[in-house]
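In: Here's a sequence, model it:
(one chain, ligands or ions: 1)
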Amino acid sequence: MGKKFKSVIALIGILIATFPNIACSNNPTTQKDSGIVLGFSQIGSESAWRIGNTNDIEQQAEKYEIGLMLENANQKQENQIAAIRRFIAYKVDVIAFSPIVEEGWDNVLQEAKNAGIPVILVDRDISTEKEGLTACLIGADFYKEGVMAGEYLIRKADSLGLEQVNIVEITGTDNSTPMRQRQAGFADAIAKDERMHILESIDGDFLKSRGAECMRSLIEKYGDDIDVVYSHNDEMTLGALPEIEDAGFTPGKDIIIISIDGGQEAIDVLKNGKINCVVECTPKLGKEVMETAIKLKNGETVEPVIHPEEKVFSDEQDLSNLEPRGY
Ligand code: GZL
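Out: You can find the predicted model right below:
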């Protein structure tokens with residue numbers, strides 16, 4: 001085996017060792033070509049929503065013939081920062097990521113800016129004093145989701161003739177955009193309604209297991225004073241429901257259940273009457289991400305914020321003909 005051939009083999013070995021995810025994802029340089037390589041740092045696999053989002057990003061990258069380097073950060077901000085640095089080293093054309101929390105991105109995004117690589121925020125936002133670190137945000141209007149949840153509760157309280165409504169809130173990942181804005185939108189929507197009282201908000205981190213733990217401790221503390229559970233995502237809601245039943249309460253009847261995401265499992269439970277309202281938060285953002293990546297690669301300007309249309313599913317509607325959710 002010639003010297004040159006040995007050095008090529010050695011280089012490939014170094015590349016795979018440095019970029020482990022390339023070895024297992026579609027190697028972008030061999031994709032049929034839009035000529036674009038997109039580096040995407042995904043938060044993790046914490047919920048059906050997140051898995052649905054990852055699947056959609058991958059499907060749309062295939063459809064738009066964009067070479068995708070997708071790295072899963074397993075819920076750690078430091079893994080997302082490391083992934084973005086790898087994308088910069090690899091000289092991708094565009095970087096996209098869903099920031100697990102809003103703070104702590106200035107340095108790595110400045111590095112991407114210095115490298116001339118545009119960055120798309122997907123799903124969640126960042127908080128920064130610096131201008132121009134990202135090209136745009138593609139994701140839900142979480143504040144509006146919170147408002148829609150609060151507006152449903154007011155209608156529900158009216159229909160039941162409730163004079164006092166005690167609410168416990170299970171929030172998503174602390175300091176994340178959906179947590180902050182779903183909490184603010186809901187609070188603002190019910191603020192003028194004197195019947196509404198939030199007994200406690202507790203961090204469930206968008207996880208099913210934490211949703212169960214939170215519900216258990218809230219029941220121990222407040223028992224049958226709880227009239228409503230407002231949960232920031234379906235995963236935590238699905239974790240909470242068995243705890244409510246184990247305590248002898250009937251979810252959807254003794255306790256009003258309001259959730260967000262709109263995945264198939266939660267919609268099925270809504271149809272069975274154990275959840276009263278699910279605010280939709282679509283994970284299907286891939287089409288907009290790919291179209292935006294192509295525009296950025298071509299030097300076109302893009303909309304600073306792209307919010308998908310979202311609905312509310314509840315016990316006020318006939319859901320029998322609802323299309324399969326796909327996540
Ligand atoms: C919302 C997304 C949230 C989902 C959760 O767009 O950021 O993260 O609501 C997921 O299910 O964990």
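In: The longest helix that the chain contains packs against which elements?
Out: Ranked by residue count under DSSP state H, the longest helix found in the chain is helix 142-160. In terms of contact count using 3 or more CB pairs under 8 Å, 6 or more residues apart in numbering; DSSP states H and E, helix 142-160 is assigned the packing partners strand 165-171, helix 177-190, strand 196-203, strand 228-231, strand 256-261, strand 277-280, strand 312-314. Every residue, glycine included, has its C-beta placed from N, CA and C.
In: so what strands line up beside the third one?
Out: Each strand that strand 196-203 pairs with, and the sense of that pairing, follows from DSSP bridges: strand 165-171 (parallel).
In: Any stretches of the chain with poor pLDDT?
Out: The model of the chain has pLDDT under 70 over residues 1-32.
In: Around the ligand, pick out the residues from it.
Out: Where the chain comes near the ligand, counting by CB under 6 Å from any ligand atom, the residues are 46-47, 49-50, 123-124, 140, 178, 206, 233, 235, 260-261, 281.
In: Dump those residues into CSV; add neighbour count and secondary structure as well.
Out: Putting those into CSV (neighbours: other CB atoms under 10 Å; DSSP: H, G, I helix; E, B strand; the rest coil) gives the following:
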residue, neighbour count, secondary structure
Glu46, 20, coil
Ser47, 23, coil
Trp49, 23, helix
Arg50, 23, helix
Asp123, 25, coil
Arg124, 23, coil
Ala140, 25, coil
Pro178, 26, helix
Phe206, 29, coil
Asn233, 32, coil
Glu235, 28, helix
Ile260, 30, strand
Asp261, 31, strand
Cys281, 24, coil
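In: So which residues of the stretch 1-150 of the chain form strands?
Out: Here the stretch 1-150 of the chain has its strands, by DSSP state E, counting those that start in this stretch, at 37-42, 67-72, 94-97, 119-122, 136-138.
In: Would you mind finding the most buried of those?
Out: strand 94-97 (a mean of 28; mean count of other CB atoms under 10 Å).
In: so what secondary structure elements neighbour that strand?
Out: strand 37-42, helix 77-90, strand 119-122, helix 286-297.
In: how about 10 Å then?
Out: strand 37-42, strand 67-72, helix 77-90, helix 106-114, strand 119-122, helix 286-297 (3 or more CB pairs under 10 Å, 6 or more residues apart in numbering; DSSP states H and E).
In: Quick check: neighbours of it in the sheet, parallel or antiparallel?
Out: When pairing is defined by DSSP bridges, strand 94-97 lines up against strand 37-42 (parallel), strand 119-122 (parallel).
In: what angle separates the first one from helix 286-297?
Out: It refers to strand 37-42. Comparing the axes of strand 37-42 and helix 286-297 via axes from the mean of the first three to the mean of the last three CA atoms, to 10 degrees yields an angle of 130 degrees.
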